[in-house]
Each structure stands twice: as structure tokens, then as C-alpha cells.
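In: My questions concern the predicted model and sequence given below.
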Number of protein chains: 2
Amino acid sequence: MFSKACEYGIKATIYIAVKSMRQERVSLKEIAEEVNSPVAFTAKILQSLAKSGIIDSHKGPTGGFQIEEAKIDTIKLHDIVHAIDGDKIFVGCGLGLEQCDANQPCPVHDKFVGIRNNLKVMLQNTSLYELATGLDIGLTHLKR
Amino acid sequence: MFSKACEYGIKATIYIAVKSMRQERVSLKEIAEEVNSPVAFTAKILQSLAKSGIIDSHKGPTGGFQIEEAKIDTIKLHDIVHAIDGDKIFVGCGLGLEQCDANQPCPVHDKFVGIRNNLKVMLQNTSLYELATGLDIGLTHLKR
DNA sequence: TTTATTTAGGATAATTTTGTCCGAAATAAA
DNA sequence: TTTATTTCGGACAAAATTATCCTAAATAAA
């Protein structure tokens, strides 16, 4: 469903959010360890999340990644996915047709649009805050 | 959502079904033209669909692909996807965790399971017959 | 039986995605 | 100012997916 990049990006962002709620910055190294992702690849993903303004990065000793606390409940899962994978999972025909819409639909058009809309709504309604809170109170986990 | 292989496979199967409802076999060449897919790659996919028993293949002149007519409305979209992509879109954690279930869920577990179940139900309830009929009566299309 | 046609299947290539490496730039602390 | 630490960013490598090519096998018709 999601690309590996997206999986790592979501996990990393949730972990950063938990730490940010305690006013802590976290290093790339710590993130990669805690979410069980390849360090260098994770660095690339965090870079693009930083460029998108979702996370804040800081170089040097005491540097690392953090999320502005006020942002944590305005950021939605949708934003993270969009920053990493772009809109490719939200647009386009389910069977890869260039011309496919309600007027000239592919055979699976309606059903596909339905499912994808479910996904979109879910992503738009899921806040980083709720994901981070669930992790923080031990309801969910990120490793293994 | 689906792999390219799956997209081609679904389109090809629907096209073969339409022809089969008229008791006609179709050649690889015709299929690839009609569904706008790379010939040789499509050949591989049809091969695996034949091995799965979803389509029937026949060599030699007047050969080609066909689907047993009685099968057309028992075959579901689910079967086609499963034959090509296996169960990877139906199982596994949304964030790639090895251990993720209701007892020890990842942060998106519940929401992800919900969406994926929608998808699964849709695929299981969509028959090849309805897809082929829609194409046959010109309600839907496969090219471009 | 020969020939033409069509799928099967193995080898190989191109592209995309995933992942690594390393020096540069920034920056905090000694 | 020097040093240690950390992210940035470009180049490179590995793996997976997508796609091509070619010969073999099957088979129908001449």
C-alpha cells in the first residue's frame, strides 16, 4: 500500500512527535534505531519531510529533528504521505489508463474510486497527535 | 495500488472474458493491442494466469487464450489479483512491522485494517462477469 | 510430412525503488 | 579558534519491478 519510504517516514514522524511533546530533539541515529529503519535511507526521507515543513531539522551538536508542538495536531497522516509519495496514491486510474473518469470509466473505476476515497478520508482524518499519543501511552508500538 | 503486472493482468482477463462470451479465442497479440500493454510482458502475466487456472491457453494456429464460460461469473477480481500479486496486498502491517496485530498494533493498525478490508471485500464481490459485461455493452473501456 | 502460427520459458536489459557512502556545511561546546 | 557532532546533498550500489528478445515446444492446416 505505502512505499517503504513512506512507511519509514510515518514511523519516524510519529517518533519525533512523541519526543517533541516532551520538548526534546532527536537525532537521526536514535530515530533509525527506534523505528528500525536503515539510517542513511531514513536521512533522505527526513530531509524531504524537513523541506516540506513537516519537521524541523537542526545541524550540529544538540541538533536533530523536532516538530513544532502546535503543529502536532494539525499535521495529518495525509500530509506525511503526500510529502513523501506525492499524490500518486490519490490520483490516476486503477488500471493505469490515461483517460479514465466518470464519463469514460475503466471497468473498475467506480469501485476503485470508492476504496481510494475511504483511504483518503482516513488519512485526512488521522492526526499525528493521536498517533503519537497512542505510542506514548504504550497502546501501540513501532519496533519489529 | 496494484502493480503494473496486475493492471495488465486485470485488463487482459476482462478482454479475454468478453471474447469468451462469444466463444472466441484471442491471441496474445490482439490482447496486448486491445488493452494497450507491452506484448512480451503481457505474455508472462498470461502465463501465470494460465498456471493458476484462471484462463486457458492453447498453442498453435487458432490457438490463444480463452476462459471457460461457466467460470466467468465465479471468477472474482480477487482471484486475478491474487494470482498475479499473491497475498501481499492482503496481509502484513501497514508500516512494515513484523509483529503487528490487534494485541500489539502499530499506530495505524486499526485504520489500515479497515481500509484493507474494504478493498478485500470489494475485490471478492466483483465478478469478472460484471466487468466483462460493462465493457461489452460499451459502458466502460480498456484502452488509453 | 512440412510449414506456418502461436504460446512457453529462459536469458537479458532497462527502469524504479531502496539503500549506502562520503565529503561538505552548519553549529554548539571546549 | 578548534574540535566534535550532526544534518545536507551528491554519487554510487543493490534489489525489485517492468520490459524485451530469442529459441523451443505445441499444434493446426496445407
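Out: Arrived safely, thanks for sending.
In: can you map out the helices along chain A?
Out: A:4-20, A:28-35, A:39-51, A:77-85, A:109-125, A:128-136 (DSSP state H).
In: hmm, the second one in reach of DNA strand D?
Out: Yes - using Cβ under 7 Å from any atom of the strand as the criterion, contacts between helix A:28-35 and DNA strand D involve A:28, A:29. C-betas here are computed from N, CA, C, even on glycine.
In: Just the angle for that helix relative to helix A:39-51, thanks.
Out: 110 degrees (axes from the mean of the first three to the mean of the last three Cα atoms, to 10 degrees).
In: Relative to residue B:53, which of the helices of chain A is closest?
Out: Ranking the helices of chain A by their distance to residue B:53 (criterion: Cβ to Cβ) puts helix A:109-125 first, at 24.3 Å.
In: now stretch A:121-140, how far from the centre of its chain.
Out: Centroid separation for stretch A:121-140 versus its chain: 11 Å, with Cα atoms, centre = their mean, to the nearest Å.
In: Stretch A:121-141 too?
Out: Counting by Cα atoms, centre = their mean, stretch A:121-141 comes out at 11 Å from the chain centroid.
In: quick one: buried residues of that stretch?
Out: Buried residues in stretch A:121-141, counting neighbours by 16 or more other Cβ atoms under 10 Å in any protein chain shown, are found at A:122-123, A:126-135, A:140-141.
In: for stretch A:47-66, same thing?
Out: Quick answer for stretch A:47-66 (16+ other Cβ under 10 Å): A:49, A:54, A:55, A:56, A:64, A:65, A:66.
In: show me the contacts for the fifth one.
Out: Neighbour list for residue A:64: A:25, A:26, A:27, A:28, A:30, A:57, A:58 [criterion: Cβ atoms under 8 Å, 6 or more residues apart in numbering or on different chains].
In: Bridged to it, which residues?
Out: Beta bridges link residue A:64 to residue A:58, judged by DSSP bridges.
In: Just want to check the distance between it and residue A:16.
Out: 9 Å (Cβ to Cβ, to the nearest Å).
In: residues shared between the contacts of the two?
Out: residue A:26.
In: ok, residue A:7 - how many residues close by?
Out: As a burial measure, residue A:7 scores 22 neighbours (other Cβ atoms under 10 Å in any protein chain shown).
In: from what I can see it touches residue B:100, true?
Out: No - judged on Cβ atoms under 8 Å, residue A:7 makes no contact with residue B:100 at a distance of 11.5 Å.
In: hang on, the earlier thing: tell me the most buried of the helices of chain A?
Out: Per-stretch averages of neighbours, counted by mean count of other Cβ atoms under 10 Å in any protein chain shown, single out helix A:4-20 among the helices of chain A, with a mean of 24.
In: Is it positioned near chain B?
Out: Yes - applying Cβ under 8 Å from any Cβ of the partner chain, one finds helix A:4-20 in contact with chain B at A:4, A:7, A:8, A:10, A:11, A:14.
In: now do stretch A:46-55
Out: No - looking at stretch A:46-55 against chain B by Cβ under 8 Å from any Cβ, there are no contacts, and the closest approach is 15.5 Å.
In: Need the contact partners of that stretch.
Out: Residues outside stretch A:46-55 that contact it (Cβ under 8 Å, 6+ apart): A:9, A:12-13, A:16, A:28, A:31, A:56-57, A:65-67, A:71, A:75, A:79-80, A:83-84.
In: now do 6 Å
Out: A:16, A:57, A:65, A:67, A:83 (Cβ atoms under 6 Å, 6 or more residues apart in numbering or on different chains).
In: Closest to residue B:114 out of these?
Out: Among the contacts of stretch A:46-55, and counting by Cβ to Cβ, the member closest to residue B:114 is residue A:83, at 23.2 Å.
In: Dihedrals phi and psi, the nearest residue to the closest one once chain neighbours are set aside?
Out: Excluding the flanking residues, the one nearest residue A:83 by Cβ to Cβ, 6 or more residues apart in numbering or on different chains is residue A:52, at 3.8 Å. Torsion angles at residue A:52 (phi, psi; degrees, to the nearest 10) stand at phi -80, psi -10.
In: Point out the residues in chain A that sit beside DNA strand C.
Out: So far as Cβ under 7 Å from any atom of the strand goes, chain A lies against DNA strand C at A:3-5, A:8, A:38-41, A:43-44, A:58-63.
In: out of the residues you listed, who's near DNA strand D?
Out: A:40, A:43, A:44, A:58, A:59, A:60, A:61, A:62, A:63.
In: Output these as CSV; include the columns pLDDT.
Out: Listed next are those as CSV, based on pLDDT from 0 to 100:
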residue, pLDDT
A:40, 98
A:43, 98
A:44, 98
A:58, 98
A:59, 98
A:60, 97
A:61, 97
A:62, 96
A:63, 97
